[in-house]
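Peer 1: here is my input, please return the structure:
(one chain, ligands or ions: 1)
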Amino acid sequence: MIKIENLNAGYRELHILFDINAEMPKNKITTIVGPNGSGKSTLLKAIYGLATIYSGSVKLDGKDITHVPPHDKARLGLAYLPQIENVFVNLTVMENLKIAGYILEKNELEERIKMALDFFPELKYYTNRKAGTLSGGERQFLAIAMALVKNAKVIMLDEPTAQLSPKLAETVFQKIVELRDELGLTVVLVEQNAKRALEISDKAYMLISGRVVFEGSARDLLEHEKFERYCMGLT
Ligand SMILES: Nc1ncnc2c1ncn2[C@@H]1O[C@H](COP(=O)(O)OP(=O)(O)OP(=O)(O)O)[C@@H](O)[C@H]1O
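Peer 2: Next up, the predicted model:
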(Lines give C-alpha, C1' and ligand atoms only; values in the text may rest on other atoms or scores of the structure.)
Protein backbone atom coordinates (compact mmCIF):
# COMPACT_ATOMS: atom_id res chain seq x y z
CA MET A 1 0.00 0.00 0.00
CA ILE A 2 1.08 3.55 -0.68
CA LYS A 3 0.32 6.13 1.98
CA ILE A 4 0.83 9.82 1.34
CA GLU A 5 0.67 12.30 4.21
CA ASN A 6 0.53 16.08 3.99
CA LEU A 7 2.52 16.10 0.79
CA ASN A 8 3.58 19.41 -0.73
CA ALA A 9 5.50 19.06 -3.97
CA GLY A 10 6.30 20.70 -7.28
CA TYR A 11 9.19 21.52 -9.57
CA ARG A 12 11.90 23.50 -7.79
CA GLU A 13 10.12 26.64 -6.55
CA LEU A 14 6.94 25.97 -8.57
CA HIS A 15 4.51 24.61 -5.98
CA ILE A 16 2.00 22.24 -7.67
CA LEU A 17 0.63 19.84 -5.03
CA PHE A 18 -0.83 21.11 -1.77
CA ASP A 19 -1.35 19.07 1.41
CA ILE A 20 -2.09 15.79 -0.34
CA ASN A 21 -3.29 12.93 1.84
CA ALA A 22 -3.99 9.68 0.02
CA GLU A 23 -3.91 5.91 0.33
CA MET A 24 -3.61 3.50 -2.57
CA PRO A 25 -4.55 0.09 -1.17
CA LYS A 26 -2.82 -3.18 -1.94
CA ASN A 27 -4.23 -5.33 -4.73
CA LYS A 28 -6.62 -2.55 -5.80
CA ILE A 29 -6.78 -0.12 -8.69
CA THR A 30 -6.75 3.52 -7.61
CA THR A 31 -7.46 6.10 -10.28
CA ILE A 32 -6.55 9.77 -10.12
CA VAL A 33 -8.68 12.04 -12.27
CA GLY A 34 -8.92 15.78 -12.71
CA PRO A 35 -8.73 18.50 -15.31
CA ASN A 36 -5.61 19.23 -17.36
CA GLY A 37 -2.82 20.67 -15.30
CA SER A 38 -4.38 19.70 -11.97
CA GLY A 39 -1.24 17.85 -10.89
CA LYS A 40 -2.09 14.20 -11.58
CA SER A 41 1.20 13.37 -13.31
CA THR A 42 3.10 15.41 -10.75
CA LEU A 43 1.61 13.26 -8.00
CA LEU A 44 2.96 10.09 -9.65
CA LYS A 45 6.32 11.79 -10.16
CA ALA A 46 6.41 12.93 -6.54
CA ILE A 47 5.70 9.39 -5.35
CA TYR A 48 8.48 8.05 -7.57
CA GLY A 49 10.97 10.77 -6.66
CA LEU A 50 10.97 12.83 -9.85
CA ALA A 51 9.48 16.00 -8.39
CA THR A 52 10.64 18.30 -5.63
CA ILE A 53 9.13 17.42 -2.26
CA TYR A 54 8.85 20.37 0.15
CA SER A 55 7.17 18.55 3.04
CA GLY A 56 5.13 15.49 3.89
CA SER A 57 5.84 11.81 3.37
CA VAL A 58 5.31 8.84 1.07
CA LYS A 59 5.27 5.35 2.55
CA LEU A 60 5.33 2.00 0.78
CA ASP A 61 4.02 -0.82 2.98
CA GLY A 62 4.87 1.22 6.06
CA LYS A 63 8.42 2.08 4.93
CA ASP A 64 9.17 5.76 4.48
CA ILE A 65 10.36 6.15 0.88
CA THR A 66 9.91 9.93 0.57
CA HIS A 67 13.56 10.59 -0.20
CA VAL A 68 14.58 7.21 -1.60
CA PRO A 69 15.96 7.74 -5.15
CA PRO A 70 13.89 6.33 -8.05
CA HIS A 71 16.24 3.41 -8.87
CA ASP A 72 16.06 2.22 -5.28
CA LYS A 73 12.28 2.58 -5.32
CA ALA A 74 12.27 0.27 -8.35
CA ARG A 75 14.16 -2.29 -6.28
CA LEU A 76 11.50 -1.99 -3.58
CA GLY A 77 8.87 -3.01 -6.13
CA LEU A 78 7.56 0.34 -7.29
CA ALA A 79 7.23 0.92 -11.04
CA TYR A 80 6.40 4.19 -12.78
CA LEU A 81 5.42 4.18 -16.44
CA PRO A 82 5.49 7.66 -17.93
CA GLN A 83 3.14 8.45 -20.76
CA ILE A 84 5.89 8.55 -23.37
CA GLU A 85 9.44 7.28 -23.64
CA ASN A 86 8.70 4.25 -21.52
CA VAL A 87 10.57 1.77 -23.77
CA PHE A 88 13.88 1.86 -25.68
CA VAL A 89 12.67 2.32 -29.25
CA ASN A 90 15.95 1.32 -30.92
CA LEU A 91 16.18 -1.97 -29.08
CA THR A 92 14.18 -5.12 -29.74
CA VAL A 93 11.37 -6.27 -27.49
CA MET A 94 13.63 -8.99 -26.02
CA GLU A 95 16.49 -6.54 -25.44
CA ASN A 96 14.09 -4.23 -23.62
CA LEU A 97 12.96 -7.09 -21.38
CA LYS A 98 16.56 -8.11 -20.66
CA ILE A 99 17.55 -4.56 -19.77
CA ALA A 100 14.58 -4.36 -17.40
CA GLY A 101 15.96 -7.35 -15.53
CA TYR A 102 19.66 -6.57 -15.78
CA ILE A 103 20.24 -6.97 -12.04
CA LEU A 104 18.76 -10.50 -12.01
CA GLU A 105 20.64 -13.78 -12.21
CA LYS A 106 20.38 -15.49 -15.62
CA ASN A 107 17.90 -18.16 -14.51
CA GLU A 108 15.67 -15.73 -12.70
CA LEU A 109 15.81 -13.34 -15.64
CA GLU A 110 14.67 -16.07 -18.02
CA GLU A 111 11.90 -17.09 -15.65
CA ARG A 112 10.63 -13.55 -15.24
CA ILE A 113 10.75 -12.85 -18.98
CA LYS A 114 8.77 -16.04 -19.58
CA MET A 115 6.22 -14.96 -16.99
CA ALA A 116 5.92 -11.49 -18.54
CA LEU A 117 5.50 -12.95 -22.04
CA ASP A 118 2.89 -15.42 -20.77
CA PHE A 119 1.00 -12.46 -19.39
CA PHE A 120 1.33 -10.62 -22.72
CA PRO A 121 1.31 -13.49 -25.24
CA GLU A 122 0.90 -11.01 -28.10
CA LEU A 123 4.48 -9.83 -27.47
CA LYS A 124 5.85 -13.34 -28.07
CA TYR A 125 5.47 -12.80 -31.81
CA TYR A 126 7.48 -9.60 -31.70
CA THR A 127 10.48 -10.43 -29.53
CA ASN A 128 12.94 -9.61 -32.34
CA ARG A 129 11.21 -6.46 -33.49
CA LYS A 130 12.48 -3.01 -32.56
CA ALA A 131 10.23 -1.52 -29.91
CA GLY A 132 9.91 1.62 -32.05
CA THR A 133 7.97 -0.36 -34.65
CA LEU A 134 5.31 -1.51 -32.18
CA SER A 135 1.85 0.05 -32.12
CA GLY A 136 0.95 2.35 -29.25
CA GLY A 137 -0.92 -0.43 -27.44
CA GLU A 138 1.88 -2.95 -27.91
CA ARG A 139 4.37 -0.42 -26.55
CA GLN A 140 2.25 -0.01 -23.43
CA PHE A 141 2.20 -3.80 -23.06
CA LEU A 142 5.98 -3.91 -23.40
CA ALA A 143 6.41 -1.16 -20.81
CA ILE A 144 4.18 -3.07 -18.37
CA ALA A 145 5.98 -6.34 -19.23
CA MET A 146 9.28 -4.63 -18.33
CA ALA A 147 7.80 -3.68 -14.94
CA LEU A 148 6.79 -7.32 -14.45
CA VAL A 149 10.35 -8.46 -15.22
CA LYS A 150 11.49 -6.04 -12.52
CA ASN A 151 9.11 -7.82 -10.15
CA ALA A 152 7.05 -4.68 -9.55
CA LYS A 153 4.38 -4.95 -6.88
CA VAL A 154 2.96 -1.48 -7.41
CA ILE A 155 2.58 -0.14 -10.94
CA MET A 156 1.86 3.54 -11.54
CA LEU A 157 0.63 4.24 -15.06
CA ASP A 158 0.40 7.72 -16.54
CA GLU A 159 -2.30 7.80 -19.20
CA PRO A 160 -1.62 4.37 -20.68
CA THR A 161 -4.49 4.69 -23.16
CA ALA A 162 -3.54 8.13 -24.52
CA GLN A 163 -3.65 8.19 -28.32
CA LEU A 164 -4.99 4.63 -28.55
CA SER A 165 -8.08 3.70 -30.51
CA PRO A 166 -11.08 2.92 -28.27
CA LYS A 167 -10.65 -0.79 -29.05
CA LEU A 168 -6.97 -0.86 -28.10
CA ALA A 169 -7.65 1.29 -25.05
CA GLU A 170 -10.15 -1.32 -23.91
CA THR A 171 -7.52 -4.07 -24.28
CA VAL A 172 -5.17 -2.04 -22.09
CA PHE A 173 -7.90 -1.54 -19.47
CA GLN A 174 -8.58 -5.30 -19.47
CA LYS A 175 -4.88 -6.01 -18.92
CA ILE A 176 -4.84 -3.56 -16.01
CA VAL A 177 -7.71 -5.48 -14.43
CA GLU A 178 -5.71 -8.71 -14.90
CA LEU A 179 -2.67 -7.13 -13.23
CA ARG A 180 -4.85 -6.77 -10.15
CA ASP A 181 -6.86 -9.97 -10.37
CA GLU A 182 -4.35 -12.47 -11.74
CA LEU A 183 -1.03 -11.10 -10.49
CA GLY A 184 -2.28 -9.43 -7.31
CA LEU A 185 -0.62 -6.12 -8.13
CA THR A 186 -1.46 -2.68 -6.83
CA VAL A 187 -2.22 -0.24 -9.63
CA VAL A 188 -2.25 3.55 -9.57
CA LEU A 189 -3.73 5.00 -12.71
CA VAL A 190 -3.85 8.51 -14.16
CA GLU A 191 -6.34 8.66 -17.00
CA GLN A 192 -7.95 11.19 -19.30
CA ASN A 193 -10.56 8.57 -20.08
CA ALA A 194 -11.91 9.05 -16.59
CA LYS A 195 -15.23 7.28 -16.96
CA ARG A 196 -13.82 4.00 -18.27
CA ALA A 197 -10.91 4.11 -15.83
CA LEU A 198 -13.26 4.55 -12.88
CA GLU A 199 -15.40 1.66 -14.07
CA ILE A 200 -12.47 -0.73 -13.62
CA SER A 201 -11.18 0.94 -10.43
CA ASP A 202 -11.76 0.38 -6.75
CA LYS A 203 -10.72 3.71 -5.37
CA ALA A 204 -10.62 7.24 -6.77
CA TYR A 205 -9.12 10.62 -6.16
CA MET A 206 -9.95 13.83 -7.91
CA LEU A 207 -7.41 16.63 -8.01
CA ILE A 208 -8.21 20.21 -8.84
CA SER A 209 -5.46 22.85 -8.80
CA GLY A 210 -3.17 20.49 -6.92
CA ARG A 211 -5.60 19.67 -4.11
CA VAL A 212 -7.65 16.57 -3.39
CA VAL A 213 -11.32 17.49 -3.84
CA PHE A 214 -12.68 13.95 -3.79
CA GLU A 215 -11.54 10.74 -2.12
CA GLY A 216 -13.72 7.66 -2.11
CA SER A 217 -14.82 4.63 -4.04
CA ALA A 218 -14.56 4.81 -7.81
CA ARG A 219 -18.26 4.01 -8.02
CA ASP A 220 -19.17 6.93 -5.76
CA LEU A 221 -17.18 9.31 -7.94
CA LEU A 222 -18.84 7.95 -11.09
CA GLU A 223 -22.23 8.50 -9.54
CA HIS A 224 -21.35 11.88 -8.08
CA GLU A 225 -23.77 14.50 -9.37
CA LYS A 226 -20.87 16.83 -10.16
CA PHE A 227 -18.69 14.17 -11.82
CA GLU A 228 -19.14 15.39 -15.40
CA ARG A 229 -18.55 19.00 -14.43
CA TYR A 230 -15.50 18.08 -12.35
CA CYS A 231 -14.00 16.01 -15.12
CA MET A 232 -14.54 18.69 -17.69
CA GLY A 233 -12.78 21.09 -15.35
CA LEU A 234 -15.85 23.29 -15.20
CA THR A 235 -16.01 23.75 -11.46
N1 LIG B 1 8.87 19.32 -15.41
C2 LIG B 1 8.08 20.36 -15.09
N3 LIG B 1 8.62 21.55 -14.73
C4 LIG B 1 7.82 22.60 -14.41
N5 LIG B 1 6.48 22.56 -14.39
C6 LIG B 1 5.89 21.41 -14.74
C7 LIG B 1 6.65 20.25 -15.11
N8 LIG B 1 5.78 19.25 -15.42
C9 LIG B 1 4.55 19.77 -15.24
N10 LIG B 1 4.61 21.05 -14.84
C11 LIG B 1 3.46 21.92 -14.51
O12 LIG B 1 2.81 21.38 -13.38
C13 LIG B 1 1.39 21.59 -13.49
C14 LIG B 1 0.70 20.24 -13.29
O15 LIG B 1 1.05 19.40 -14.38
P16 LIG B 1 0.69 17.85 -14.43
O17 LIG B 1 1.34 17.29 -15.66
O18 LIG B 1 0.99 17.23 -13.12
O19 LIG B 1 -0.89 17.90 -14.59
P20 LIG B 1 -1.89 16.78 -15.06
O21 LIG B 1 -3.08 16.87 -14.16
O22 LIG B 1 -1.20 15.48 -15.15
O23 LIG B 1 -2.27 17.33 -16.50
P24 LIG B 1 -2.64 16.56 -17.87
O25 LIG B 1 -3.97 15.94 -17.64
O26 LIG B 1 -2.71 17.72 -18.84
O27 LIG B 1 -1.53 15.60 -18.17
C28 LIG B 1 1.14 22.20 -14.84
O29 LIG B 1 0.96 23.59 -14.66
C30 LIG B 1 2.43 21.93 -15.61
O31 LIG B 1 2.68 22.94 -16.55
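Peer 1: shouldn't E215 be within a helix?
Peer 2: No - assessed with DSSP: H, G, I helix; E, B strand; the rest coil, E215 is strand; it does not lie in a helix.
Peer 1: mind listing the helices in the protein by residue range?
Peer 2: With DSSP state H as the criterion, the chain has helices at 40-48, 70-75, 93-100, 106-119, 136-149, 166-181, 194-199, 218-223, 227-231.
Peer 1: neighbours of the residue nearest to K153 when sequence neighbours are not counted, how many?
Peer 2: Spatial nearest neighbour of K153, chain neighbours left out: G77 (3.7 Å); criterion: C-beta to C-beta, 6 or more residues apart in numbering. (C-beta placed from N, C-alpha, C; glycine too.) G77: 17 surrounding residues under other C-beta atoms under 10 Å.
Peer 1: for G77, report the pLDDT, please.
Peer 2: Looking at G77, its pLDDT stands at 95.
Peer 1: that one and A152, how far apart?
Peer 2: To A152, G77 is 6 Å away according to C-beta to C-beta, to the nearest Å.
Peer 1: next up, the contacts around the residue nearest to K130 when sequence neighbours are not counted.
Peer 2: Using C-beta to C-beta, 6+ apart and skipping the chain neighbours, the partner closest in space to K130 is T92 (5.8 Å). Going by C-beta atoms under 8 Å, 6 or more residues apart in numbering, T92 touches 127-131.
Peer 1: which one among those residues gets closest to the ligand?
Peer 2: Closest approach to the ligand among these (C-beta to the nearest ligand atom): A131, at 23.1 Å.
Peer 1: burial count for that closest one?
Peer 2: For A131, using other C-beta under 10 Å, the count is 23.
Peer 1: in contact with it, which residues?
Peer 2: Counted by C-beta under 8 Å, 6+ apart, A131 has contacts 87-93, 96, 139, 142.
Peer 1: of those residues, which is the most crowded?
Peer 2: V93 (27 neighbours).
Peer 1: so it is in contact with A143, correct?
Peer 2: No - in this structure, V93 is not within contact of A143 by C-beta atoms under 8 Å, at 11.0 Å.
Peer 1: and T31, how many neighbours?
Peer 2: Neighbours of T31 using other C-beta under 10 Å come to 28.
Peer 1: tell me what it is bridged to.
Peer 2: Taking DSSP bridges as the rule, T31 bridges to L189, A204.
Peer 1: that one contacts L207, correct?
Peer 2: No - using C-beta under 8 Å as the test, T31 is too far from L207 to be in contact (11.2 Å).
Peer 1: so where's the chain uncertain?
Peer 2: 225-226, 229-235 (pLDDT under 70).
Peer 1: before we move on, the earlier item: pipe the helices of the chain into a markdown table and attach distance to the ligand per row.
Peer 2: As requested, the helices of the chain are arranged in a markdown table below (distance: least, C-beta to the nearest ligand atom, whole Å):
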| stretch | distance to the ligand |
| --- | --- |
| helix 40-48 | 3 |
| helix 70-75 | 15 |
| helix 93-100 | 24 |
| helix 106-119 | 27 |
| helix 136-149 | 16 |
| helix 166-181 | 16 |
| helix 194-199 | 10 |
| helix 218-223 | 16 |
| helix 227-231 | 11 |
